[in-house]
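In: pasting a predicted model and its sequence here:
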Amino acid sequence: MLFPGFTPHDIATSTTRIHCVVGGSGPPLLLLHGYPQTHAMWHRIAPRLAERYTVVCADLRGYGDSDKPASDATHRAYSKRAMAQDMIEVMRHFGFARFRLVGHDRGARVSHRLCRDHPDAVSQVVLLDISPTATMYAHTDRAFATAYYHWFFLIQPFDLPERLIGADPVYYLHRKLGGWGTGLEHFDAGALAEYERCFSDPATIHASCEDYRAAASIDLEHDAASEPVSCPMAVLWGERGIVNRLFRPLDDWRAVATDVRGRALPCGHYLAEEVPDETLHEITTFFGHDVPPPRRS
């Protein structure tokens, strides 16, 4: 069982339905996953965080067991603004007007937008292994385009990427998960099975393409018109990852946020699954609440 003691919920928001699992007690904490994963990516740290916090692990719209709303040529339905609004409504459903926030990959991009659109809702935010979307696009070169080819593949017009991925979704999923220099060995078998189950749905494949199409269009418009992030921010990234090799995460985030700290961890892209103890330590140290070490049997 990936999340012992957690309870599943399906929350109707104003525009879709969001699936999440909730566990623990104490101050509220929202965890948001990345591509091509689900909330299952938090299974190695969420139960330990639940010893101190009320932890909400949600599937972004279009992913996992959340709904996949229809989109159009504007890709507005998969803008990070729409995804952030989902999470505001999920947290309000549980009575949380203000909370801590951790996001990885696409979930970190949703977290960035949530902090900008709802500055009073987030007390502290942790972003895992990204630089800002606009910064990464602005510094595209051959090395970045080669390493992040999926950014440019997934934004192609419907239905080219959908058809190509849909021909063998598990193969594509494995190549993406294992293609960041660390292989598949660090993924738990149960979590990997969840990623395979969810990503084999054609609706998920299409929705995830829409997520990236939005990132290359409407999200950039929103970012250009926004104020800096004002809440305290911690940025963590993998020292063996592409973000570390091609970008300067602290400098990049300090250009769009007022209070930023962070460092690299000894891993690749999937911090919470590759180095859960180190990731947990950095998150809880930043939040100012120690979490007990793992129990030994």
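Out: Sure thing, it's come through.
In: got the contact list for the most centrally placed residue in the chain?
Out: The residue lying closest to the centre of the chain (CA atoms, centre = their mean) is Gly107, at 2.0 Å. Contacts for Gly107 (CB atoms under 8 Å, 6 or more residues apart in numbering) come out as 31-34, 60. (Glycine included, C-beta is placed from N, CA and C.)
In: for PyMOL, write the select line for the buried members of the residues you listed.
Out: With 16 or more other CB atoms under 10 Å as the criterion, this PyMOL line picks the buried residues out of the contacts of Gly107:
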select buried, resi 31+32+33+34+60
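In: okay, the contacts of Gly107 in a markdown table with distance to His222 next?
Out: Putting the contacts of Gly107 into a markdown table (distance: CB to CB, whole Å) gives the following:
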| residue | distance to His222 |
| --- | --- |
| Leu31 | 23 |
| Leu32 | 17 |
| His33 | 21 |
| Gly34 | 19 |
| Leu60 | 17 |
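In: in strands only, show me the contacts of Gly107.
Out: For the contacts of Gly107, the ones inside strands are 31-32, with DSSP state E as the criterion.
In: any idea which of the contacts of Gly107 is closest to Thr284?
Out: Of all the contacts of Gly107, the one sitting nearest Thr284 is Leu31; the distance, using CB to CB, is 13.0 Å.
In: one step back: for the residue nearest to the centre of the chain, which non-adjacent residue is closest in space?
Out: In space, not counting the residues next to it along the chain, Gly107 is nearest to Leu32; the distance is 3.0 Å by CB to CB, 6 or more residues apart in numbering.
In: the one you found bridge partners, please.
Out: Ala58, Gly103 (DSSP bridges).
In: list the residues that contact it.
Out: For Leu32, the set of contacting residues under the criterion of CB under 8 Å, 6+ apart consists of 58, 60, 87, 101-104, 106-108, 110-111.
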